[in-house]
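K.L.:
sequence and predicted structure are below.
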Amino acid sequence: MANTKFIFITGGVTSSLGKGILAASLAKLIQSRGYSVTIQKLDPYLNVDPGTLNPYEHGECFVTDDGAETDLDLGHYERFLNVPTSQANNVTTGRIYQSVINKERKGDYLGKTVQIIPHITDEIKRCIMLLGKKGDYDVVVTEIGGVVGDIESLPFIEAVRQLKWELGNDALCIHLTLVPYLAAAGEIKTKPTQHSVKQLLEIGVQPDILVLRTEHELNLSVRHKVALFCNVDRNSVFESPDARSIYEIPLIFKEQGLDEVVMTKLRLPIKQEPNLELWTSKVERLYNRDRVEKIAVVGKYVELPDAYKSISEALNHAAMVNNVKLDIEWIHSEKVNDANVAELLKDKKAVLVAPGFGHRGIEGKLIATRYARENNIPFLGICLGMQCAVIEFARNVLGLADANSAEFDHATANPVIDIMEQQKSITNMGHTMRLGSYPCKISDKDTNIFRAYGEDLIHERHRHRYEFNDNYLEAMEQKGMIAVGKNPDTDLVEAVEIKGHKWFVGVQFHPEYKSRFETPHPLFVAFVKAAISE
Ligand code: GLN
């Protein structure tokens, strides 16, 4: 194909309207018509990446194969498109400024005054065009974070304005806004949308397509009114209603013909009907599951569902394969103690101990882990969850009462989880952990992990600083906690299991990042299967 096509998605009126899901759904539809598509998120905040952000601020940090710490929307993109993203798919204002300032320090601007326009906007344009350059993608969908009118997002919108002008028919802008319903008036209100489009126009961007987020069905006359007031074709106003599941949204937009209008405007040949058979059958299965089982996820950010987005999605995908619905109880690790653990976990079919950083809530995680181990309840420990399994085993089975992670107790005599030599000198927190995809060799076919994956060399993504301390491996294995997976190059322990337990697996990596709607993750599938089997 000659030119890569660029689709920009902006948001208006409020945040949280679902720009990420709109981007992922539209990309899915275009992909299902035989095109290669990728999605990029531009985040207007000044952090260089979300790696240093507290999950309370911005939800989960999603990690890519190449070790980028990115916005959680990239997780949606991967779960929908079933193709991996990379560092190039997430760009923040911080990253843009960092590279412009680095260039300035090197003298690359040859004495010129460095300014937001053109230098910052040029850098933004370069980052957008980069994904189209290699010829890997027919279509690049770029989601602009934030809401039109924010001071922070102005340079991004200016870059969109310039690119739309330069690329002509190869670019278009979709604006997602809210159409509220006023119960007292019994009416749907389009004024906020009109104002939002006006704001876009003030900075020179005429949206080509409008998507109206609404909790009430919109009739044709509302759409036509919006089209007229916003200079948009009548067939280019779509609605985004409440859906039972995010995975239904591509089908809702397909029904309305969003992809066809987008492709026609971009002069992209409509070469085949969308191939969404697997997707549609999975969506149907979402609503046809009678069996419901309870499981527990123990973590310290449970008040905020977005903090564990990939885990809850991976559990959801795995539950579908097992034809069961999971009633997940999100248990706050700070609230678990010896007195209440039995009450909290006794009716749960499985326990998942979540990843995390810092000491807060650790004791609760250890108590929940011990309960699952002693009561033969299927257990999955992810990253810090695996480290908890190791600490708990060392304390209560090996009898090392002060066993701990060096992360929580520098002075412990028994650092069963310890920092690597090369990590010790690090003082910068951003992008300095063990990040991204690493291989893991599974040692034995008679393990839960081998049965799950069906292969002995796997690749999973990491995000941690501390590691299993090899000095304790022999003692652990003698008592039944086995290192079943190791990094073949460094010998670092990547996965542990407990012999004789119904299903007890701890993994240093994050399998949740690689679970997709169409291809659920084998380890989660096996975990749920163990949970529901008698
Ligand atoms: N805090 C632990 C470490 O840095 C675990 C990190 C995690 O769970 N992602 O090693």
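P.N.:
Sure thing, it's come through. Everything quoted here is computed from the prediction, not taken from an experiment.

K.L.:
pretty sure S236 is touching D208, no?
P.N.:
Yes - taking contacts as CB atoms under 8 Å, S236 lies within contact range of D208: 6.5 Å. Bear in mind the C-beta positions are built from the backbone N, C-alpha and C, glycine included.

K.L.:
shared neighbours, the two?
P.N.:
K265 (CB atoms under 8 Å, 6 or more residues apart in numbering).

K.L.:
for the residue nearest to Q256 when sequence neighbours are not counted, give me its contacts.
P.N.:
Distances taken as CB to CB, 6 or more residues apart in numbering place F238 nearest to Q256, at 5.2 Å, with adjacent residues excluded. Counting by CB under 8 Å, 6+ apart, F238 makes contact with 209-212, 253, 256, 258, 261.

K.L.:
grab the most central residue of the chain for me.
P.N.:
Geometric centre of the chain, nearest residue: G75, 2.6 Å, by CA atoms, centre = their mean.

K.L.:
now name the helix or strand holding it.
P.N.:
helix 73-81 (DSSP states H and E).

K.L.:
what helices and strands are in contact with the next helix or strand after that helix?
P.N.:
Using DSSP H and E, the helix or strand that follows helix 73-81 in sequence is strand 90-92. When contacts are defined as 3 or more CB pairs under 8 Å, 6 or more residues apart in numbering; DSSP states H and E, strand 90-92 packs onto strand 37-43.

K.L.:
how far off helix 73-81 does the strand it packs on point, in degrees?
P.N.:
Relative orientation of strand 37-43 versus helix 73-81 (axes from the mean of the first three to the mean of the last three CA atoms, to 10 degrees): 170 degrees.

K.L.:
can you tell me, leaving aside adjacent residues, what's nearest to the residue nearest to the centre of the chain?
P.N.:
F62 (4.3 Å).

K.L.:
doesn't the residue nearest to Q256 fall inside a strand?
P.N.:
Yes - counting by DSSP: H, G, I helix; E, B strand; the rest coil, F238 is found in a strand.

K.L.:
quick check: beta-bridge partners of I295?
P.N.:
I328 (DSSP bridges).

K.L.:
look up how far the ligand lies from it.
P.N.:
I295 sits 19 Å away from the ligand when distances are taken as CB to the nearest ligand atom, to the nearest Å.

K.L.:
could you pull out the strands for the stretch 251-400 of the chain?
P.N.:
Per DSSP state E, counting those that start in this stretch, the stretch 251-400 of the chain carries strands over the ranges 292-299, 325-332, 351-353, 379-382.

K.L.:
could you dump the ones you listed to a markdown table with mean neighbour count and mean pLDDT?
P.N.:
Listed next are those as a markdown table, based on neighbours: other CB atoms under 10 Å; pLDDT from 0 to 100:
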| stretch | mean neighbour count | mean pLDDT |
| --- | --- | --- |
| strand 292-299 | 21 | 96 |
| strand 325-332 | 18 | 96 |
| strand 351-353 | 28 | 98 |
| strand 379-382 | 29 | 98 |
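
K.L.:
can you lay out those as JSON lines showing distance to Q87?
P.N.:
Putting those into JSON lines (distance: least, CB to CB, whole Å) gives the following:
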{"stretch": "strand 292-299", "distance to Q87": "27"}
{"stretch": "strand 325-332", "distance to Q87": "31"}
{"stretch": "strand 351-353", "distance to Q87": "29"}
{"stretch": "strand 379-382", "distance to Q87": "23"}
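
K.L.:
sorry, back to before: just the contacts of F238 now: which is nearest E293?
P.N.:
Using CB to CB, F253 is the member of these that sits closest to E293, with 32.3 Å.

K.L.:
low pLDDT regions in the stretch 351-500 of the chain?
P.N.:
Within the stretch 351-500 of the chain, the ranges that satisfy pLDDT under 70 run 422-431.

K.L.:
closest residue of the stretch 201-350 of the chain to the ligand?
P.N.:
G299 (9.8 Å; CB to the nearest ligand atom).

K.L.:
re the thing from before, any idea which of the strands of the stretch 251-400 of the chain gets closest to C127?
P.N.:
strand 379-382 (31.4 Å).

K.L.:
starting from that closest one, tell me which strands it pairs with and how they run.
P.N.:
Checking strand 379-382 against DSSP bridges gives partners strand 351-353 (parallel), strand 504-507 (parallel).

K.L.:
so how far is that strand off the chain centroid?
P.N.:
Here the centre of strand 379-382 is set off from its chain's centre by 19 Å, with CA atoms, centre = their mean, to the nearest Å.

K.L.:
go on, stretch 153-169?
P.N.:
Worked out by CA atoms, centre = their mean, stretch 153-169 lies 27 Å from the chain centre.

K.L.:
neighbours around the residue nearest to G75, how many?
P.N.:
28 (other CB atoms under 10 Å).

K.L.:
repeat for K106
P.N.:
8.

K.L.:
what of S437?
P.N.:
Using other CB under 10 Å, S437 is surrounded by 18 other residues.

K.L.:
show me where the stretch 401-534 of the chain has its helices.
P.N.:
In the stretch 401-534 of the chain, the helices defined using DSSP state H, counting those that start in this stretch lie at 448-453, 473-478, 522-532.

K.L.:
now tabulate those helices in JSON lines and tack on mean neighbour count.
P.N.:
Below are the helices of the stretch 401-534 of the chain laid out as JSON lines (neighbours: other CB atoms under 10 Å):
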{"stretch": "helix 448-453", "mean neighbour count": "20"}
{"stretch": "helix 473-478", "mean neighbour count": "15"}
{"stretch": "helix 522-532", "mean neighbour count": "23"}
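
K.L.:
export those to TSV and tack on distance to E460?
P.N.:
Output for these, formatted as TSV (distance: least, CB to CB, whole Å):
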stretch	distance to E460
helix 448-453	10
helix 473-478	20
helix 522-532	9
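
K.L.:
of all those helices, which one is nearest the ligand?
P.N.:
Among these, helix 522-532 comes nearest to the ligand, with 15.7 Å by CB to the nearest ligand atom.

K.L.:
quick one: mean pLDDT over the closest one.
P.N.:
The pLDDT scores in helix 522-532 average 97.

K.L.:
repeat that for stretch 90-108.
P.N.:
Computed over stretch 90-108, the average pLDDT equals 95.

K.L.:
other residues contacting that stretch?
P.N.:
40-50, 68, 70-71, 74, 109, 114, 119-120, 123-124, 127, 152, 155.

K.L.:
please convert the strands paired with strand 379-382 to a markdown table, extending it with distance to V13.
P.N.:
Output for the strands paired with strand 379-382, formatted as a markdown table (distance: least, CB to CB, whole Å):
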| stretch | distance to V13 |
| --- | --- |
| strand 351-353 | 37 |
| strand 504-507 | 42 |
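
K.L.:
and the ones you listed as JSON lines, adding distance to the ligand?
P.N.:
Below are these laid out as JSON lines (distance: least, CB to the nearest ligand atom, whole Å):
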{"stretch": "strand 351-353", "distance to the ligand": "10"}
{"stretch": "strand 504-507", "distance to the ligand": "10"}
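
K.L.:
re the thing from before, adding distance to the ligand as columns, could you present the helices of the stretch 401-534 of the chain in CSV?
P.N.:
Below are the helices of the stretch 401-534 of the chain laid out as CSV (distance: least, CB to the nearest ligand atom, whole Å):
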stretch, distance to the ligand
helix 448-453, 18
helix 473-478, 17
helix 522-532, 16
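
K.L.:
may I have the beta-bridge partners of the residue nearest to G75?
P.N.:
T70.

K.L.:
coming back round to it: which one, of the strands of the stretch 251-400 of the chain, ends up nearest to S86?
P.N.:
Nearest of the strands of the stretch 251-400 of the chain (CB to CB): strand 379-382, 22.4 Å.

K.L.:
narrow the contacts of stretch 90-108 to those that are buried.
P.N.:
Among the contacts of stretch 90-108, the ones that count as buried by 16 or more other CB atoms under 10 Å are 40-45, 47-50, 68, 70-71, 74, 119-120, 123-124, 127, 155.

K.L.:
V496: how many residues sit nearby?
P.N.:
26.

K.L.:
and T142, by the same measure?
P.N.:
27.

K.L.:
mind listing what it touches?
P.N.:
Applying CB under 8 Å, 6+ apart, the residues contacting T142 are 6-9, 39-42, 128, 160.
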